[in-house]
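> give me a 3D structure for the following:
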Amino acid sequence: MTNTHRFTGKTVIVTGSSMGIGEAIARRFHGEGANVVLNSRKAEDCEKIAASLGGERVLVVPGDVSSSAFATEMMDKTIEAFGGIDVLVNNAGVGRSGRILDADDAFIDTIIDINLKGLLYMSREAIPHLLRTGGNIVNISSVSGLGGDWGLGVYNASKGGVCNLTRAMALELGGQGVRVNCICPSMTRSDMTKGATENEGAMKMLANRMPLGRAAEPDEIAGPTLFLASDDAVFVNGVNLPVDGGVNASNGQPNFFG
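Model (predicted):
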């Protein structure tokens, strides 16, 4: 990995950065010179990551982004520590399967509150500061926000909301100098997905739909995220970018020939 220092002097918040995609994104930003704010409900995990980064240019703000009061608190602490914000990466999320018929209120609230409302709360807090710095937002959605899945209806609703909210914010903020884009990963190896990625049968089914034939590694999601946040993407706005190994290249029919 080339260290280009594209983000030297910039400040980046990465929500849900205690593991997996969020951790990889935070490490890449820090490696390219950014001040990085680590966030998760798992304070100890974030502290370990901060220590592994040397403790410099890192702020840990543990807490739950589905609380609007906490979103305000995190933004206040970021501004106090670093004086501003240049990039918000809305990565915090939860994935749970289940039929809509069986989904009780708590199940629905947990998924919508974290995946969608948390993103709204964080964005609302960040926008005034991003307007001052000419910064940008990168949302982390999913290929599940671009199409339906079996047994993931509530999750699909939350991630579909993220994708369309990305478009709406891009319209609202683009003319004021703030870009908003979105990454849509497919299956990616992490603690949250290892029930699937360590299941040989599940991986065979995945390979039948995915031309690259495997799950992504977190750092393979981090690279495109940094691209969208960088000046290399200065004219990219309102994009929901599939980073999915080719899943969306398929019309849905099975592989009869492989």
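
> report the distance from stretch 104-121 to the chain centre.
Offset of stretch 104-121 from its chain centre (Cα atoms, centre = their mean, to the nearest Å): 15 Å.

> which parts of it are buried?
Residues of stretch 104-121 classed as buried by neighbour count (16 or more other Cβ atoms under 10 Å): 108, 111-121. Just so you know, the C-beta spots here come from the backbone N, C-alpha and C atoms, and that holds for glycine as well.

> show me the strands in the stretch 51-200 of the chain, by range?
For the stretch 51-200 of the chain, the strands defined by DSSP state E, counting those that start in this stretch cover 58-60, 87-90, 136-140, 179-185.

> so where's this structure shaky on pLDDT?
Residues of the chain meeting the criterion pLDDT under 70: 1-3, 193-199, 202, 207, 258.

> now the helices for it?
If DSSP state H is used as the criterion, the helices of the chain fall at 20-31, 43-52, 68-82, 105-112, 118-133, 153-174, 194-197, 200-209, 218-229.

> who are the packing partners of the third one?
Under the contact definition 3 or more Cβ pairs under 8 Å, 6 or more residues apart in numbering; DSSP states H and E, helix 68-82 sits against strand 11-14, strand 35-38, strand 58-60, helix 118-133.

> between helix 118-133 and it, find me the angle.
30 degrees (axes from the mean of the first three to the mean of the last three Cα atoms, to 10 degrees).

> how far off centre is helix 68-82?
19 Å.

> same question, the longest one
The chain centre lies 12 Å from the centre of helix 153-174; the measure is Cα atoms, centre = their mean.

> buried residues in it?
Of the residues in helix 153-174, 153-163, 165-167, 169-170, 173 count as buried by neighbour count, 16+ other Cβ under 10 Å.

> ok, residue 61 - contacts?
Shown in contact with residue 61 (Cβ atoms under 8 Å, 6 or more residues apart in numbering): 37-39, 73-74, 77-78.

> report the buried residues of stretch 242-254.
Within stretch 242-254, the residues scored as buried using 16+ other Cβ under 10 Å are 242-245, 247.

> between those residues, which is nearest residue 233?
Distance to residue 233, by Cβ to Cβ, is smallest for residue 243 among these, at 13.7 Å.
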